[in-house]
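A.B. asks: The following block contains a protein sequence and its predicted model.
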Amino acid sequence: MSSNPLEIEFAGITFKNPFMLSSAPPTMDPRHILRAARLGWGGVVMKTVTEEPTVDPRTRLGVLRKNGKAIGMNNIELLSRKPLKTWTEDWIPKIRKEAPEDFIFIASIMSSPEPEGWTALAESMSQTGADAIELNVSCPHGSPEKHMGAFIGQDPTLVEQVTKAAKKGTDLPVLVKLTPNVTDMVPIAEAAVRGGADALSAINTVESLIGIDIETATPLPIAYGVDKKEQLSTYGGFCGPAVKPLGLRFVSQIAKALPDIPISGIGGIEDWTSATEYLMVGASTLQICTAAMWHGFSIIKGLNEGLTKFLERKGYKTLDSVVGKALPKITTWTALSKLPPLVAGVIDEKCTACKKCVIACADGGFLAIQMREKVAVINNEKCDGCGLCAVVCEDDAIEFIHTN
């Protein structure tokens, strides 16, 4: 057994820790990737390459805020701006030469529905020293207009075909990165496995429109039309903390349906606690983008330290023992007990008399809460145990109590 508690095997590859930078701006070139390697990240997935480099609009990032705090980001950026040869002949050899030996490098590729493109790209990447290849069949913007990205990833038949094609071009482990822009991800995941996928990555960004500048009636982020004068925008990919619930849903559903397939979890991971949530629903490696862009690559120190201390505190000997820990507790709605004897209670010393729970329960609940002597008081006979008071309480002053 390794003395490193964060070490984990994924698709036949040993990671010194589960944290990778996902295929995005943080992995756009050797400078970024080598900085991550030196700071202690477990690995990276390079920014996706295809047969032709990309030119991006400006601006291309938009933000969603809640009470002034950023909770999500939208992007209309596409793939690598550099030609394939720049990566295969210059950049990847440089990364392999200068990065630590235990740093994992995963190449990311995208092509059209024609199988030959995937085979050729996989062959090219296999000769560079990459440790694995990730197939981007999930970009939600720009690429689908060219019958690429999510256009492929939303069709099980195409996913199976391009996965088979990529496998023809490589002996390396192949990951398929899945789109959340579907009703049910499981059939897509199953198609990837039929095509020979060694692992799955989930999720890519969620197709979105981040907002509207109401003063000018212009969608955000503000870019420009072909005349370079008219302000326009388009649908983009939504990421960041706000997408974590979607990511947890999809990863858990894949893990339950395909328990033998390794999963790389992506979507709103910003600290060691959110990372642990993904591990507990079945992910065994974790890909991060938005948090690294907002807070810098040095967050890896807190991620590693926090996760290590959690394992020690809970008595987990290996990281693998955490993977899937919560899955047995995810069931169907039908299997849940209805109307159990559970009511809300107020922790008096934490209550700040803000009255948010009183207002919420009056208009969205059961009129079960009143203020008495500057403390919220709950009427157990009226309380339905719905949880709304805990949702609106910002002081963690609500607990739930079994009445019998």
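C.D. replies: Arrived safely, thanks for sending.

A.B. asks: residue contacts, residue 46?
C.D. replies: With contact set as CB atoms under 8 Å, 6 or more residues apart in numbering, residue 46 has these partners: 23, 27, 33, 80, 87, 92, 105, 106, 107, 108. C-beta here means a position set from N, CA and C on the backbone, and glycine is covered the same way.

A.B. asks: Which ones among the residues you listed lie within helices?
C.D. replies: 33, 92 (DSSP state H).

A.B. asks: Spatially central residue for this protein, please.
C.D. replies: residue 267 (1.7 Å; CA atoms, centre = their mean).

A.B. asks: In contact with that one, which residues?
C.D. replies: Contacts of residue 267 (CB under 8 Å, 6+ apart): 180, 202, 203, 239, 243, 244, 246, 247, 248, 250.

A.B. asks: what about residue 93, how many residues close to it?
C.D. replies: By the criterion of other CB atoms under 10 Å, residue 93 has 14 neighbours.

A.B. asks: what does the domain assignment say about the protein?
C.D. replies: Here the domain parsing of the chain from automatic domain parsing is 8-329, 342-402.

A.B. asks: pLDDT (mean, whole number) over the longest one?
C.D. replies: For domain 8-329, mean pLDDT rounds to 97.

A.B. asks: so when I look at residue 176, I'm seeing a strand, right?
C.D. replies: Yes - checked against DSSP: H, G, I helix; E, B strand; the rest coil, residue 176 lies within a strand.

A.B. asks: show me where the chain has helices.
C.D. replies: Secondary structure of the chain by DSSP H: the helices cover 30-39, 84-85, 92-98, 115-126, 150-153, 156-168, 186-194, 244-257, 272-280, 290-295, 299-314, 356-364, 388-392.

A.B. asks: For the first one, name the packing helices and strands.
C.D. replies: I take that to be helix 30-39. The contact analysis (3 or more CB pairs under 8 Å, 6 or more residues apart in numbering; DSSP states H and E) places helix 30-39 against strand 19-21, strand 43-45, helix 92-98, helix 299-314.

A.B. asks: Check which residues of it are buried.
C.D. replies: 30, 32, 33, 34, 36, 37 (16 or more other CB atoms under 10 Å).

A.B. asks: what about residue 199, neighbour count?
C.D. replies: Neighbours around residue 199, by other CB under 10 Å: 23.

A.B. asks: Go ahead and confirm it touches residue 265.
C.D. replies: No - contact criterion CB atoms under 8 Å: residue 199 and residue 265 do not qualify, at 11.2 Å.

A.B. asks: my read: residue 62 touches residue 211, true?
C.D. replies: Yes - shown here, residue 62 and residue 211 form a contact pair, counting by CB under 8 Å, at 6.6 Å.

A.B. asks: List the buried residues in stretch 292-306.
C.D. replies: In stretch 292-306, counting by 16+ other CB under 10 Å, buried: 292, 293, 297, 299, 300, 303, 304.

A.B. asks: distance of the third one from residue 289?
C.D. replies: What it means is residue 297. 11 Å (CB to CB, to the nearest Å).

A.B. asks: shared neighbours of those two, anything?
C.D. replies: Joint contacts of residue 297 and residue 289 (CB under 8 Å, 6+ apart) are 21, 26.

A.B. asks: gap between residue 281 and residue 301?
C.D. replies: As for residue 281, its distance to residue 301 is 25 Å (criterion: CB to CB).

A.B. asks: bridging residues for residue 200?
C.D. replies: residue 176, residue 263 (DSSP bridges).

A.B. asks: Just give me the neighbour total for it.
C.D. replies: Count around residue 200 with other CB under 10 Å applied: 27.

A.B. asks: Quote the end-to-end distance of stretch 319-336.
C.D. replies: Stretch 319-336 stretches 30 Å from its first residue to its last (CA to CA, to the nearest Å).

A.B. asks: For it, buried residues please.
C.D. replies: By 16+ other CB under 10 Å, the buried positions in stretch 319-336 come out as 319, 322, 323, 324, 326.

A.B. asks: Output those residues as TSV; include the columns distance to residue 154.
C.D. replies: Converted to TSV, those look like this (distance: CB to CB, whole Å):
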residue	distance to residue 154
319	33
322	32
323	28
324	27
326	28
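
A.B. asks: Which of those sits closest to residue 391?
C.D. replies: Taking CB to CB as the measure, residue 391 lies nearest residue 326 of the buried residues of stretch 319-336, at 20.9 Å.

A.B. asks: And the nearest residue to that closest one once chain neighbours are set aside, how close does it get to residue 318?
C.D. replies: Computed as CB to CB, 6 or more residues apart in numbering, the closest residue to residue 326 that is not its neighbour in sequence is residue 280, at 4.0 Å. Here the criterion is CB to CB. By it, residue 280 lies 14 Å from residue 318.

A.B. asks: Repeat that for residue 56.
C.D. replies: Residue 56 is 42 Å from residue 318, by CB to CB.

A.B. asks: Repeat that for residue 143.
C.D. replies: Using CB to CB, residue 143 is found at 38 Å from residue 318.

A.B. asks: neighbour count winner among those two?
C.D. replies: Neighbours were counted for residue 143 and for residue 318 using other CB under 10 Å; residue 143 has more, 24 against 15.

A.B. asks: and the closest residue in space to that one that isn't next to it in sequence, what does it touch?
C.D. replies: With sequence-adjacent residues excluded and distances taken as CB to CB, 6+ apart, residue 143 is closest to residue 149, at 2.8 Å. Applying CB under 8 Å, 6+ apart to residue 149 gives the contacts 110, 136, 137, 138, 139, 140, 141, 142, 143, 179.

A.B. asks: so of these, which ones are in strands?
C.D. replies: Mapping these onto strands (DSSP state E) picks out residue 136.

A.B. asks: between the contacts of residue 149, which is closest to residue 358?
C.D. replies: residue 140 (41.3 Å).
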